[in-house]
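Novice: Need coordinates for the below:
(2 chains)
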2 protein chains.
Amino acid sequence: MRVGGKVGGQPRTIGALAEVDSPMTELKNDRFLRALLRQPVDVTPVWMMRQAGRYLPEYRATRTRAGDFMALCKNAELACEVTLQPLERYPLDAAILFSDILTIPDAMGLGLYFEAGEGPRFRKTVRTEADIAALPVPDAARDLDYVMAAVKTIRAALGGSVPLIGFSGSPWTLATYMVEGGSSRDFHTIKRMIYDTPELAHALLDKIALSVIDYLNAQIRAGAQAVQIFDTWGGVLPGPFYREFSLSYMQKIVAGLIRENEGRRVPVILFTKGGGQWLTDMANAGADALGLDWTTDITRARAEVGDRVALQGNMDPSMLFAGPERIRAEVARILEGFGRGNGHVFNLGHGIDQKVDPANAGVFIDAVHELSGRYHG
Amino acid sequence: MRVGGKVGGQPRTIGALAEVDSPMTELKNDRFLRALLRQPVDVTPVWMMRQAGRYLPEYRATRTRAGDFMALCKNAELACEVTLQPLERYPLDAAILFSDILTIPDAMGLGLYFEAGEGPRFRKTVRTEADIAALPVPDAARDLDYVMAAVKTIRAALGGSVPLIGFSGSPWTLATYMVEGGSSRDFHTIKRMIYDTPELAHALLDKIALSVIDYLNAQIRAGAQAVQIFDTWGGVLPGPFYREFSLSYMQKIVAGLIRENEGRRVPVILFTKGGGQWLTDMANAGADALGLDWTTDITRARAEVGDRVALQGNMDPSMLFAGPERIRAEVARILEGFGRGNGHVFNLGHGIDQKVDPANAGVFIDAVHELSGRYHG
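Specialist: Residues are numbered from 1 along each chain as shown, chains lettered A, B, ... in the order given. Okay, here's the model as predicted:
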């Protein structure tokens, strides 16, 4: 595994990548964790959802070497390599585990595979009471050991430079793929389940929630210093159904997580794409921070959640197709929108697109650091 | 043209469909118009977005006869036939012109066509200053005469039974198709335009807004008794950009519309899918009513907009895949959510899906009428 070396483009060596980490190692840059806990920072921390990804030529090269996407996820050395690639280029304030949100249903035996241009698919779907009863709750340390191996390898390679984020899909989001059998546009099958046979949906979501708790706690034990729950599809529900079938299970997960490890609080971030109408409810779920998608006004969001949670976000990922000055102006607008004070982690409002020029991602990240000092101290 | 006859399923003859209408004809059922103006009604009026559509076997039969979708739109007799089909089955409180939202760019010469499974496409895209300068503002009465012929034919066939809704896509929504060249998932090209060269985007949107004003006024002159502006893609924008590039042009349109015709107010409905975070701004745009998608809490929406506008919506279209009792319970929940008083038009929160059983649409419509009396009078 090559870390901290030149990879191409505009590589950046981050000092001690190869140094072995231990639980007692001081974090050299803890801005991200401090901001999530609404503690003072010098400048606003920044990372990008999907920062280890196809927009980076070095990622595409590693993925080609790995063979396919799941082979990359299942190889701790290669998963570590791609996790670190964006940190070699940019002064990011956090690393995020490279993995897929569908590892849990895969470990439940549903047979995850990817078809070119089709997104993820499962060989088996989960639709009946018998299907749900037959689903195992995976033992994450054993059945998802490749994920934990990746977490440990990445923590060691990071050498305390920045914190490592672990993650999982939300129960609702995982359930949509498991019931529909893959990506969906209209979610008719799972919606019919929650509308017509809510008890079945609850049995399924309960099982997934238990699995997610065990999975995230295993990641935390393996070294994840914060965790994010990705609720990609909560926003397709009417409000009362969002609360009943998505948010309540995320709340259950938050309540079941290890919240202190290595002598530090392990912050939890909830991100519901399309959740801008439900921020008050989300702020009451026990998480430390909420991720905002790009449609939400961060000024209004901050007024709504008050000092209950930190906020993460929320530049439109499409802004990275604009010119450098435009990107800087938008970063300035969002920083001003959040305003002075603690509790802002800058991010995109959704994952970075594969067609983005890596130079523009650099402009974005640098702008956050350069322009945010005046809002702190 | 066959109107008022039996078509199959559970047809319903609406009395005077074949009677010739005149401007002075009294509307037999004006609940829909009254509710849009927040006037008292006996029961809550209801219609369904995309009510003339593929879920109806009689629609599929007419479309097969027409040849293709645009041929159906361009034939006034056939467009009238499919407009009336749902009214023959169900006691709907309004008819909506059968047409496409992309008729304006087609009349501008962009060459609209449909590819199976691909959605609408244009032969030409609009991306440069020269492209925009070259775009004509169509004269709707002349260049979109087939739409006006359909409006007149439908009005005559309705015979004053229920009002006829005219419609247009919003300038932003039309611009997304014109710039991207068809449907889009990420809207990168038009977003780059608004972010990097906003003056180009404004020039384009200005031209489209003028075209929409002329188009809707021509529909009103031809007999449309209310109009709806469909902003299908406003919800993909960050708030400030929604206000600048979508809402402001809808506001301009509202200000340019004929608001009285045949001695009656012509109500205007704004519908932005994903617009639930911006209801206050939308309520200030001068329209009579706002359409809500299914994610928005109607109780909260009513509290937010107060008595400035009526509200239309907003059952999840996927609820029509559930059983009859579940559908009735959801109708009851939404009626209770709006509560007593004037200003509610019931609808789905988006178009009815082509896979819905027509019997379930009937359950929905009947439930609105049967369960809403207690909220009125």
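Novice: For chain A, what lies in contact range of chain B?
Specialist: A:186-188, A:191-192, A:195-196, A:235-242, A:274, A:276-277, A:294-297, A:300, A:314, A:316, A:318-319, A:321-323, A:326, A:330, A:333, A:349, A:353, A:355 (C-beta under 8 Å from any C-beta of the partner chain). For glycine as for every other residue, the C-beta is placed from the backbone atoms N, C-alpha and C.
Novice: Tell me where chain A has strands.
Specialist: Counting by DSSP state E, chain A has strands at residues A:95-96, A:112-115, A:119-122, A:164-169, A:226-231, A:260-261, A:264-265, A:268-272, A:289-291, A:310-312, A:344-345.
Novice: and the fourth one with strand A:226-231, angle?
Specialist: If I follow you right, that is strand A:164-169. On the basis of axes from the mean of the first three to the mean of the last three C-alpha atoms, to 10 degrees, strand A:164-169 is oriented at 20 degrees to strand A:226-231.
Novice: now strand A:164-169: mean pLDDT?
Specialist: For strand A:164-169, mean pLDDT is 98.
Novice: Kindly export it (C-alpha atoms) in CSV.
Specialist: What follows is strand A:164-169 as a C-alpha-only set of coordinates in CSV (Å, rounded to 0.1, in the frame of the first residue of the first chain):
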residue,chain,number,x,y,z
LEU,A,164,-11.9,8.9,10.5
ILE,A,165,-15.7,8.9,9.9
GLY,A,166,-17.5,5.5,9.8
PHE,A,167,-20.9,5.3,8.3
SER,A,168,-24.0,3.2,7.5
GLY,A,169,-27.1,3.6,5.4
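Novice: sorry, back to before: inside helices: which ones of the residues of chain A next to chain B?
Specialist: Among those, the residues falling in helices (DSSP state H) are A:188, A:191-192, A:195-196, A:239-242, A:300, A:326, A:330, A:333.
Novice: can you redo these as JSON lines with distance to A:Cys73, pLDDT and neighbour count?
Specialist: Shown next, in JSON lines, are these (distance: C-beta to C-beta, whole Å; pLDDT from 0 to 100; neighbours: other C-beta atoms under 10 Å in any protein chain shown):
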{"residue": "A:His188", "distance to A:Cys73": "29", "pLDDT": "96", "neighbour count": "18"}
{"residue": "A:Lys191", "distance to A:Cys73": "29", "pLDDT": "98", "neighbour count": "26"}
{"residue": "A:Arg192", "distance to A:Cys73": "31", "pLDDT": "97", "neighbour count": "20"}
{"residue": "A:Tyr195", "distance to A:Cys73": "34", "pLDDT": "98", "neighbour count": "21"}
{"residue": "A:Asp196", "distance to A:Cys73": "35", "pLDDT": "97", "neighbour count": "16"}
{"residue": "A:Gly239", "distance to A:Cys73": "34", "pLDDT": "97", "neighbour count": "20"}
{"residue": "A:Pro240", "distance to A:Cys73": "35", "pLDDT": "97", "neighbour count": "12"}
{"residue": "A:Phe241", "distance to A:Cys73": "31", "pLDDT": "98", "neighbour count": "23"}
{"residue": "A:Tyr242", "distance to A:Cys73": "29", "pLDDT": "98", "neighbour count": "25"}
{"residue": "A:Arg300", "distance to A:Cys73": "37", "pLDDT": "97", "neighbour count": "14"}
{"residue": "A:Arg326", "distance to A:Cys73": "35", "pLDDT": "98", "neighbour count": "19"}
{"residue": "A:Glu330", "distance to A:Cys73": "32", "pLDDT": "98", "neighbour count": "21"}
{"residue": "A:Arg333", "distance to A:Cys73": "36", "pLDDT": "98", "neighbour count": "13"}
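Novice: Compute the distance between A:Leu216 and chain B, please.
Specialist: Counting by C-beta to the nearest C-beta, to the nearest Å, the separation of A:Leu216 from chain B is 27 Å.
Novice: pretty sure that residue contacts A:Phe230?
Specialist: No: A:Leu216 is not in contact with A:Phe230 according to C-beta atoms under 8 Å; the separation is 11.6 Å.
Novice: Comparing those two, which shows the higher neighbour count?
Specialist: A:Leu216 (25 against 21; other C-beta atoms under 10 Å in any protein chain shown).
Novice: got a pLDDT number for that one?
Specialist: 98.
Novice: remind me which residues of chain A are low pLDDT?
Specialist: For chain A, the stretches with pLDDT under 70 are A:1-25.
Novice: intersection of neighbour lists for A:Leu216 and A:Phe230?
Specialist: A:Phe167, A:Ser168 (C-beta atoms under 8 Å, 6 or more residues apart in numbering or on different chains).
Novice: Report the contact partners of the closest residue to chain B within the stretch 1-150 of chain A.
Specialist: Residue nearest to chain B within the stretch 1-150 of chain A: A:Gly119 (11.5 Å; C-beta to the nearest C-beta). When contacts are counted by C-beta under 8 Å, 6+ apart, A:Gly119 touches A:Gly182, A:Ser183.
Novice: Right, I'll leave it there.
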